[in-house]
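show me how the following folds:
(chains A and B)
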Amino acid sequence: MPSRKISRRLLAMTAGMATVTLAACGGSSDDSDPMADVTSNVDCADFEEYGDLDGKSVSVYTSIISPEDQPHIDSYAPFETCTGATVEYEGSRDFEAQLQVRLQAGNPPDVAYIPQPGLIATIADSYPDVIQEVSPAAQSNVDEFYNEAWRTYGSVDETFYGAPLGANAKSFVWYSPTAFSDAGYEIPTTLDELYTLTDQMVADNPDIKPWCAGIESGTATGWPATDWLEDMMLRTAGADVYDQWVAHEIPFDDPAVVTALDEAGKILKNDAYVNGGLGGVESIASTSFGDAGYPIQDGNCFMMRQASFYQAQWPEGTDVSEDGEVFAFYLPGETTEESPLLVGGEFTVAFADRPEVQAFQAYLTSPEWSDVKAQTTGAGWISANSGMDADLLVSPIDRLSYDLLTDEATEVRFDGSDLMPAAVGAGTLWTAMTKWIAPGDSSESVLAEVEASWPSE
Amino acid sequence: MDFLLDTTTSGEKIIVMLIAIALFVAVMGLVLWLADRPSVPRLVTVSGFVGPALLLLVLGLLYPALLTIIQSFQNTSKEFVFLDNYATIFGTPSFRTVLFNTALWVVLVPLLSTGFGLMYAVLVDRAFGEKLAKTLVFMPMAISMVGASIIWKFVYEFRPDQAGIQQIGLLNQLLVMVGFEPQQFLLSPPLNNLFLIAVMVWIQAGFAMTVLSAAIKSIPDEIIEAAKMDGVQGMAMFRYVTLPSVRPAVVVVITTVAMATLKVFDIVRTMTGGQFETSIVANEFYSQSFSFGRPDIGAALAVLLFVLVVPIILYNIRQMRLSEEQR
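Numbers count the residues shown, from 1 in each chain, chains lettered A, B, ... in the order given. Below you'll find the predicted structure:
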């Protein structure tokens, strides 16, 4: 009974999805909208395993907010169309704190996208009765399509709680290819070359600061600076020491860490190098990480270190490509032989075991979802799902990230602050890094403060 | 009817809510009807009327308060550590900054907002356009704290003084126009605390002004006329006639604003998130409990806040009793 099915589908759709769905059902398709194509020409055969979920709804709570949220919302359309379930998306800048508030209040979302495995461990510890193990269907997807390491990141004491969602490569420096070629600058291949290039920029442009940076991010203020610290740890101390540091086998304020932070400080705390078009060193603390790259387009700075997902932040119509307005180069290692890569990602954690929640979590681990998400995003998103169709990655930066991520030579390490206990990795470390920038405490003192805050046990 | 226990849609939730309200009304009606019958003993009547309210107070206020107090003497693994959490708060420099900031807020906000409110109330009293002038100052009270904080964050917004860069913050634009360097108002302690306090004063001055203006208007005309006949004028009139007459109102305003200040959270949370040494007890309580995974320290901070509010409430009650006795 196709007509009945259509009306049921329509009922299940939220108002925002109505246009896309109408195009799908009525045949009066709007060809100029590629999104309608991706989300409507779906073969529902792949979704039969989830059963009929008509009238059911799944609530999703995330830290992903505008403009990165819409591709997520769009990517649920095939699931909603084929199963009849509704997905209610809610993003919040205060996600990390609010999720724990909601858990404590007994009002958890059905699914949360948690970017910090450390937070998953904290929640598993504090709310063992609420957090759900990854559903069997999702587990088999993860085992089939993901590198084993991803399962480890989402597990706490051998129990698998967080199924991988998206991935992003963090060791990138955004720059303007046109500005570089106009000035005759070459892309640096070692850290020393990077510093030489920076000095060259200062000498050539006395009015402009070469670097811009911003670490403001609501309650999460400080996190972009932790990426700097981790990237420098991987380069000055090496991956083995990095692992010991993350696991707290060496003190948090080990001399190796101080060296790494001082290395980051060579750029971030040097008034001659920062903060292009935004102010002095202090202004890093008050600049939103999302706005920090814009001076590159205005010609007020040359470089900004941020993960691959930053391409979603550029204003619409920006040419992100190797010869375009903006692009990113790999933050080089100490030598050309070393190529450590810092990666991050989100994990889906369920707080309910209703069939529709389990089905939704399984859908998010499927190659189908990764394919749809790659298309709804267009540029600025990759997944570590090996079943994904890599040709769908249209953006050169996503290709670059994907290649680096899958290259045997790169030494991939997960974002350390995200692996640490939430009290540190999503708490005191952020505050410490902010203090390090403004008012500008010393590396030793802020790292010692974090060491003191490491939970006992 | 399974959905009664496990609701999934909004419609089901509303039905469950309506059923719950109906049940509540029915049970309460039954209890009150039974308690009010002439044949039952007086004790049953009293407990029937007071009991439900007491029960809710105990469950909703007393029980969580006791839990918090107990938690403040425990560590995160629920072992008793007695005063360790309090020792941490008073012994760590960063927490001492929090306490100092709170003290700064509690001293400055009530004094400044009451001072401005009183001055304004006296100046516009019976002046031309009094209603409009009062509305303007009262308006910030109608803006939510978060809204006000965002507005002021824009006022303080910083952009460097450099070719091709436009100031977008009002205050820095004014500074640049008169030839000064733009300033990072919210980043440099301890002055940044004053810029946050200014927001609270801006909000509370309207409240102070309204209450004090009403008090000034209620001063009997005979007293003022008598004072004028005795040759009292200007400042002397204010000092010896107006101020003593509105003293009870001033006390109420100061204590009310002081309590609101102790609890203030939104302004700091929205404008700096407690960074840059601007944190105060209420904000630190939230960060410790929910961001840093230290509910024990959070509980101790909450208890501390409670202990700080109590003397103000006691003083307020005493003043109210005194002014009632005078009548």
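
domain assignment for the chain?
All of this refers to chain A. Domains of chain A are assigned by automatic domain parsing as A:2-169+A:344-407, A:172-343+A:412-453.

that's the wrong chain, I meant chain B
Per automatic domain parsing, the structural domains of chain B span B:2-72, B:85-326.

can you tell me which of these is most buried?
Ranked by mean neighbour count under mean count of other C-beta atoms under 10 Å in any protein chain shown, the domains of chain B are led by domain B:85-326, which reaches a mean of 17. C-beta: built from backbone N, CA, C; applies to glycine.

shaky segments in the chain?
I'll assume chain A. Residue ranges of chain A with pLDDT under 70: A:1-41, A:457.

ah, I was thinking of chain B
For chain B, the stretches flagged by pLDDT under 70 are B:1-3, B:6, B:8, B:326-327.

figure out which of the domains of chain B is closest to chain A.
domain B:85-326 (3.3 Å; C-beta to the nearest C-beta).

pull out the buried positions in stretch A:215-228.
Of the residues in stretch A:215-228, those buried by neighbour count under the rule 16 or more other C-beta atoms under 10 Å in any protein chain shown are A:215-228.

what about it, distance to the chain center?
The chain centroid and the centroid of stretch A:215-228 are separated by 13 Å, computed with C-alpha atoms, centre = their mean, to the nearest Å.

that stretch near chain B at all?
Yes - counting by C-beta under 8 Å from any C-beta of the partner chain, chain B is contacted by stretch A:215-228 at A:Gly218, A:Thr219, A:Thr221.

flag every residue of the stretch 101-250 of chain B that's near chain A.
Contacts of the stretch 101-250 of chain B with chain A, taken as C-beta under 8 Å from any C-beta, map to B:Phe158, B:Arg159, B:Pro160, B:Gln162, B:Ala163, B:Gly164, B:Ile165, B:Gln184, B:Leu186, B:Leu187, B:Ser188, B:Pro189.

cutoff 7 Å now
Contact residues (C-beta under 7 Å from any C-beta of the partner chain) of the stretch 101-250 of chain B with chain A: B:Phe158, B:Pro160, B:Gln162, B:Ala163, B:Gly164, B:Ile165, B:Gln184, B:Leu186, B:Leu187, B:Ser188, B:Pro189.

and which of these is nearest B:Leu212?
Taking C-beta to C-beta as the measure, B:Leu212 lies nearest B:Leu186 of these, at 31.0 Å.

closest residue of the stretch 51-200 of chain A to chain B?
Counting by C-beta to the nearest C-beta, the stretch 51-200 of chain A gets nearest chain B through A:Ala97, at 4.4 Å.

which helix or strand contains that residue?
If you go by DSSP states H and E, A:Ala97 is part of helix A:95-104.

what packs against that helix?
In terms of contacts (3 or more C-beta pairs under 7 Å, 6 or more residues apart in numbering or on different chains; DSSP states H and E), helix A:95-104 is packed against strand A:57-62.

which element is encountered next along the chain beyond the helix or strand hosting A:Thr348?
Here A:Thr348, judged by DSSP H and E, is contained in strand A:340-350. Using DSSP H and E, the helix or strand that follows strand A:340-350 in sequence is helix A:355-365.

pull the next helix or strand after that following helix out as PDB, backbone CA atoms only.
Toward the C-terminus, helix A:355-365 is succeeded by helix A:367-377 as the next helix or strand (DSSP H and E). Only the C-alpha atoms of helix A:367-377 are listed here, as PDB (Å, rounded to 0.1, in the frame of the first residue of the first chain):
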ATOM      1  CA  PRO A 367      29.200   2.200   5.600                       C
ATOM      2  CA  GLU A 368      25.800   3.500   4.200                       C
ATOM      3  CA  TRP A 369      25.700   6.200   6.800                       C
ATOM      4  CA  SER A 370      29.300   7.200   6.200                       C
ATOM      5  CA  ASP A 371      28.600   7.400   2.500                       C
ATOM      6  CA  VAL A 372      25.500   9.600   3.100                       C
ATOM      7  CA  LYS A 373      27.300  11.800   5.600                       C
ATOM      8  CA  ALA A 374      30.200  12.300   3.200                       C
ATOM      9  CA  GLN A 375      27.700  13.600   0.700                       C
ATOM     10  CA  THR A 376      25.600  15.700   3.000                       C
ATOM     11  CA  THR A 377      28.700  17.400   4.400                       C
END
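
if you count neighbours, what's buried in helix A:367-377?
A:Pro367, A:Glu368, A:Trp369, A:Ser370, A:Asp371, A:Val372, A:Lys373, A:Ala374, A:Gln375, A:Thr376, A:Thr377.

likewise for stretch A:311-320?
For stretch A:311-320, burial by neighbour count (16+ other C-beta under 10 Å) applies to A:Gln311, A:Ala312, A:Gln313, A:Trp314, A:Val320.

so what's the first one closest to, chain neighbours aside?
With C-beta to C-beta, 6 or more residues apart in numbering or on different chains as the criterion, A:Gln311 has its nearest non-adjacent residue at 4.3 Å, and that residue is A:Gly380.

so the one you found sits against A:Ala312, correct?
Yes - applying C-beta atoms under 7 Å as the test, A:Gly380 and A:Ala312 come out as touching, 3.7 Å apart.

what helix or strand is B:Val46 located in?
Judged by DSSP H and E, B:Val46 forms part of helix B:42-57.
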